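Participant: Fold the following, please.
(one chain, ligands or ions: 2)
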Amino acid sequence: MKLIFRFMKKYWYMALLASAFMIGEVYIDLLQPRMMAEIVNEGILGLSNGGKSDLNLVINTGIRMMLVVIGGGLCGLLSAVFTNITGQGAGNDIRKLCFERIMSFSFSQTDDFSTGSLITRITNDVTQVQHLIMQLIRGLVRCLMFFIGGSAALLSLDMSFGVIVACAFPLIIIDVTFVVWRTNPLFTVLQESLDRLNNIIQENVTGIRVVKAFVQEKNEVGRFDEANQHLVDTQFNVMMLLSYLRPVMNIVLNFAVAGIIYVGSNQVQKGAIAPGSVMAAITYISQILNGMMMLAMIFQTLSRGLASTKRLQEVIDTQSEIRQEQLPMEGDGTRGSVQFENVKFIYEDNGAEVLHDINLSITPGETLAVIGATGCGKTSLVSLIPRFYDAAEGHVYVDGVDVRAYDPAELRKKVTVCLQKAEFFSTTIRENIALGDPEANDDEIRKAAAAAQADGFILQQAEGYDTVVAERGMSLSGGQRQRIAIARALLKKGEILILDDVTSALDLKTEAALYAALNREYSDVTKIIIAQRIASVRNADRIVVLDGGTISDCGSHEELMDRSSVYRDIYHSQLKEEEAL
Ligand code: GTP
Ligand code: MG
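Facilitator: Ligands and ions are numbered 1, 2, ... in the order given. Sure, this is the predicted structure:
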């Protein structure tokens, strides 16, 4: 509820106007039975006129009734408009804030929620909260007014009608409480099954190529069916429970109407009340009980909306783990240096220790290569420099300042990472490269592409730099994707450039041309190059050999060939592979 009030605050006057017009609409609804009673009692039966009907009064009151109905309709319309403005506005603000939060999440926080759940939360859950806000503004006022105003109007006709309200009321309360109590826990389950379904859809749509390549369509459809069935079952249970509401209400309503007729006719016989007023009483009791019915629906929206509010609150309350910390900002005057000091790294989700006792100092402008078996922690090691993750122990320094002291955005301006798996957006090649620096001009973009050995093949595309890339870069070959990603990283002009296994799909000649261009044009940039092939890195200033989660050796190719058995093993195994080809 806190969340709802927080976001409605901005629109309080709209909510107030919506409620005011709603009050107007209900007031007019409550006025009509009275006017009808007047037409019957005075116009038709002529009770105060010795039984002489009065056609003029019928016409006049009829016209008045029509005008009042038009006024009521207008109030209803305006109330709906202001309710919509409040609901949509607050929903929009919640969605925006959630999206901003999600953008600030660290990788592990995103993993914790799961992509599917985040998508459900920012779409379906926000819609549920929007419904709740709109129901609270319109429905609550409407049903309370019907209940209070209707009861007052009914009792003002004849106090004995009060007995009927007093009998019907507890029955309805029992009915509503039962349904709300049983459905309440199901709404969280409902949203969770939506999460699961969204996860499966998202995984399969993005991974459709893998699914098809491994002929897994049947299995995946099975997985989808299972999750879908769970959703359908939960929804079915909710609907079944909700279906108890209406029939019970209808029975109570019909009994109440019968009661009014019974009590009313007794009173008419006694001459305590006019027949037209009994008609009005029947309308009032329907309005009162319909108001109660609406209250039941509000309770249902309320429990569903509150389940969604809790899920959105979780997103909003999740503060990014990667936040600037109060640590000294004085650097050592270098530009492009990196130090690892007794670093230990653990993936918190499964507690796996991936790196330990890492001590390494990289000087500005140096080309440092990292080599090691697959899964030995190379990507994890470099992820600590731009603070994609935090070290569990020890420190990582950039330019002599602990990375935790930087504003993360500032740190990531200095450190450019070209990820192992490049991500693309469905726009032109030019815009995909310009992600590195949206202000760059065409010359700068082409220069970066040329250094990344991408200019040639880009110009051969149908529309050159304006060729639109298919979703996630699927219209490009693996090597083309890697080179566009490198061009993007080079355009960013950071002090430190990390290339995480981005040349694996390039032939040795293109790879050599790329490194030559890097050394020539980006000589002042510190380069950290992860590679699988020794041939890719043998010209680096130093090569770090990662083994068993730590640095087993570090030196030039010749030094390592001389003294590192791990390095020699890698070298010989790759030599054998080449010979075998
Ligand atoms: P290649 O890229 O295959 O050469 O491997 P790498 O040397 O880059 O290894 P990486 O740093 O990606 O992974 C090191 C270890 O951490 C592996 O055992 C992975 O299973 C594990 N790992 C990697 N990413 C994650 C993650 O996001 N969460 C968890 N829990 N473990 C991870
Ligand atoms: Mg890796």
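Participant: alpha carbons only for contacts and neighbour counts from here, please
Facilitator: Noted.
Participant: measure residue 125 to residue 310 for me?
Facilitator: Here residue 125 is placed at a distance of 9 Å from residue 310 (C-alpha to C-alpha, to the nearest Å).
Participant: could you say which helix or strand contains whichever residue of the stretch 51-200 of the chain sits closest to ligand 1?
Facilitator: Using C-alpha to the nearest ligand atom, the closest approach of the stretch 51-200 of the chain to ligand 1 is made by residue 108 at 6.9 Å. Here residue 108, judged by DSSP states H and E, is contained in helix 107-113.
Participant: Up against ligand 1, what does this protein have?
Facilitator: 347, 349, 350, 354, 374, 375, 376, 377, 378, 379, 380 (C-alpha under 6 Å from any ligand atom).
Participant: of all those, which two lie farthest apart?
Facilitator: 349 and 374 (20.6 Å; C-alpha to C-alpha).
Participant: tell me the domain ranges of the protein?
Facilitator: 2-317, 338-580 (automatic domain parsing).
Participant: what ranges do the strands span in this structure?
Facilitator: For the chain, the strands defined by DSSP state E occupy 338-347, 352-362, 367-372, 393-398, 401-402, 415-418, 496-500, 526-530, 542-547, 550-555.
Participant: quick one: the fourth one to strand 496-500, angle?
Facilitator: Angle between the axes of strand 393-398 and strand 496-500 is 120 degrees (criterion: axes from the mean of the first three to the mean of the last three C-alpha atoms, to 10 degrees).
Participant: Nearest to residue 327, out of the domains of the chain?
Facilitator: Of all those, domain 338-580 comes closest under C-alpha to C-alpha, at 5.0 Å.
Participant: pLDDT (mean, whole number) over that closest one?
Facilitator: Here domain 338-580 scores 90 as its mean pLDDT.
Participant: out of the residues of the chain next to ligand 1, which is most surrounded?
Facilitator: Counting neighbours by other C-alpha atoms under 10 Å, residue 378 comes out on top of the residues of the chain next to ligand 1 with 26 neighbours.
Participant: thinking again about what came up before, now the phi/psi pair for the residue nearest to the residue of the stretch 51-200 of the chain closest to ligand 1 when sequence neighbours are not counted, please.
Facilitator: Spatial nearest neighbour of residue 108, chain neighbours left out: residue 349 (7.5 Å); criterion: C-alpha to C-alpha, 6 or more residues apart in numbering. Reported as degrees, to the nearest 10, the phi and psi values for residue 349 are phi -60, psi -40.
Participant: Residue 349 against residue 109, yeah?
Facilitator: No. Between residue 349 and residue 109 there is no contact, the gap being 9.6 Å when judged by C-alpha atoms under 8 Å.
Participant: shared neighbours of the two, anything?
Facilitator: Shared contacts of residue 349 and residue 109, defined by C-alpha atoms under 8 Å, 6 or more residues apart in numbering, are absent.
Participant: coming back round to it: out of the domains of the chain, flag the one nearest residue 332.
Facilitator: domain 338-580 (4.8 Å).
Participant: How far off centre is that closest one?
Facilitator: 31 Å (C-alpha atoms, centre = their mean, to the nearest Å).
Participant: Which one of the strands of the chain lies nearest to residue 568?
Facilitator: strand 542-547 (10.6 Å).
Participant: helices and strands around that closest one, which ones?
Facilitator: strand 367-372, strand 550-555, helix 565-580 (3 or more C-alpha pairs under 8 Å, 6 or more residues apart in numbering; DSSP states H and E).
Participant: What residues of it count as buried?
Facilitator: Using 16 or more other C-alpha atoms under 10 Å as the burial criterion, the residues of strand 542-547 that qualify are 542, 543, 544, 545, 546, 547.
Participant: and the residue nearest to the fifth one when sequence neighbours are not counted, what is it in contact with?
Facilitator: The shortest distance from residue 546 to any residue that is not its chain neighbour, by C-alpha to C-alpha, 6+ apart, is 5.0 Å, and that residue is residue 372. Taking C-alpha under 8 Å, 6+ apart, we find residue 372 in contact with 378, 532, 545, 546, 547.
Participant: Verify the stated contact: residue 196 with residue 115.
Facilitator: No. Under the criterion of C-alpha under 8 Å, residue 196 makes no contact with residue 115, lying 9.9 Å away.
Participant: Those two - which one has more neighbours?
Facilitator: residue 196 (21 against 17).
Participant: ok, the more buried one - contacts?
Facilitator: Contacts of residue 196 by C-alpha under 8 Å, 6+ apart are 116, 117, 227.
Participant: Can you read off the pLDDT for it?
Facilitator: Confidence score, pLDDT, at residue 196: 90.
Participant: ditto for the one 4 residues further on
Facilitator: In this prediction, residue 200 carries a pLDDT score of 90.
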